[in-house]
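[1] how would this look folded up:
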Amino acid sequence: MRKQTFAILAAITLQTILPGATRSRAMLPPPPPDYREVEVSTFLDRHNFDDFSPSAIAADLLDRGASLEGRQREEISIDYGNNPNDRVVIEHTTIGLPDTSVRSQRRRIEMMRQPSGWQILWVGEQYQCQPRRGHQDWSGELCS
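    Residues are numbered from 1 along each chain as shown. Predicted coordinates:
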């Protein structure tokens, strides 16, 4: 039994840290509908995280030195669910972007604690488009 448990944990850990890792249905519920999936490796390439704890990632997303032009509001939430030692969901929403197509953006980052530390398992994005540039509600569909 102990060998089987180790093998399963090793497989889960390898799956979550390899570039281009995909979500394991056994680890998390299905992704929320209407999000555009972003490869974890692509998300990590856009950010230079020194610390992979949920609170450090949330703080880094808010303090990235980007222009605040057009920004009306920015929100971040960290949902530890019922068991803060296992799984966490970070949602980062930016309302009012200085973009001709995208008015607002929401990111969802799903993480799980592994023996080696926190691992990002899945990243998704939603958008609200500028008037006459596409959908006005939150959607994973890109704006035109």
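
[2] what residue lies at the spatial centre of the chain?
    Nearest to the geometric centre of the chain sits Ile109, at 1.9 Å (Cα atoms, centre = their mean).

[3] Tell me the bridge partners for that one.
    Ile90, Val123 (DSSP bridges).

[4] same question, Ile78
    Beta-bridge partners recorded for Ile78 (DSSP bridges): Ile90.

[5] Burial check on it, number of neighbours?
    16 (other Cβ atoms under 10 Å). From N, CA and C alone the C-beta is placed, and that goes for glycine too.

[6] Distance of it relative to Val40?
    As defined by Cβ to Cβ, to the nearest Å, Ile78 lies at a distance of 18 Å from Val40.

[7] Check His135 too.
    Per Cβ to Cβ, His135 is found 26 Å from Val40.

[8] which of the two has more neighbours?
    Using other Cβ under 10 Å as the criterion, His135 and Val40 rank with Val40 on top: 23 against 15.

[9] Hmm, that one is touching Glu110, no?
    No. Applying Cβ atoms under 8 Å as the test, Val40 and Glu110 come out as separate, 9.8 Å apart.

[10] Pull up the overlap in contacts between the two.
    Ile120, Leu121, Trp122, Val123 (Cβ atoms under 8 Å, 6 or more residues apart in numbering).

[11] which two from those end up farthest apart in space?
    In these, two members sit farther apart than any others by Cβ to Cβ. They are Leu121 and Val123, at 8.6 Å.
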